[in-house]
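*Asks:* Task: produce atomic coordinates for the following.
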Amino acid sequence: MINTMIFQLMQNATIKEIKEAGLEGVYAEHGIGQYPTDANGVPFTVTYFSSTGDPVADLSEDMAAEQKARAVYENLIDLATDKDVIEPLLWLRQREVVHFNRFKELYDEYVSKGYDQQ
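*Replies:* Presented below is the predicted three-dimensional model:
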C-alpha cells in the first residue's frame with residue numbers, strides 16, 4: 001500500500017518537483033517505478049527475517065515487528081499533510097494493532113500450555 005501511495009503521489013510530479021524533493025537519484029535509476037527501500041535508501045531484504053521453529057520466540061518477534069510497523073506509520077502520519085495520504089496510513093496503523101493483538105492472544109495461549117518451556 002505504501003508503494004502504491006508513493007506511486008500515486010509521484011505519477012504527475014514534474015522533474016522540478018522530483019529534484020526539489022531530493023528524489024533525483026531514485027528517479028534516475030527507477031523513474032517513478034517502485035523500488036522498496038527504507039528512509040535512508042537501503043534496499044529491502046529478507047536477510048533479517050528469522051524463524052526459530054520455537055512458536056513462542058517466533059510470536060515474540062512477530063509482535064515486535066507489528067509494534068515497529070505501527071510506530072513507523074505514526075511517524076509517517078506526523079509528517080503527512082494530505083488527507084488522502086493520512087487516511088490509508090491510519091488504516092495501516094490500526095491493522096498493525098489488530099495483528100499485534102492476535103499474535104499476543106496466540107502467544108498467551110502457547111505460554112499457558114507450556115510451549116515456552118520446551
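*Asks:* which residues sit in contact with residue 34?
*Replies:* 3, 6-7 (CB atoms under 8 Å, 6 or more residues apart in numbering). (C-beta placed from N, C-alpha, C; glycine too.)
*Asks:* The same query, at a cut-off of 10 Å, please.
*Replies:* Taking CB atoms under 10 Å, 6 or more residues apart in numbering as the criterion, residue 34 is in contact with 2-4, 6-7, 10, 26.
*Asks:* repeat for residue 4
*Replies:* By CB under 10 Å, 6+ apart, residue 4 lies in contact with 34, 88.
*Asks:* gap between it and residue 54?
*Replies:* 35 Å (CB to CB, to the nearest Å).
*Asks:* quick revisit: any chance of JSON lines for the contacts of residue 34, columns secondary structure?
*Replies:* JSON lines is the format used below for the contacts of residue 34 (DSSP: H, G, I helix; E, B strand; the rest coil):
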{"residue": "2", "secondary structure": "helix"}
{"residue": "3", "secondary structure": "helix"}
{"residue": "4", "secondary structure": "helix"}
{"residue": "6", "secondary structure": "helix"}
{"residue": "7", "secondary structure": "helix"}
{"residue": "10", "secondary structure": "helix"}
{"residue": "26", "secondary structure": "helix"}
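*Asks:* Could you point out which of those residues is nearest to residue 110?
*Replies:* Closest approach between these and residue 110, by CB to CB: residue 2, at 31.1 Å.
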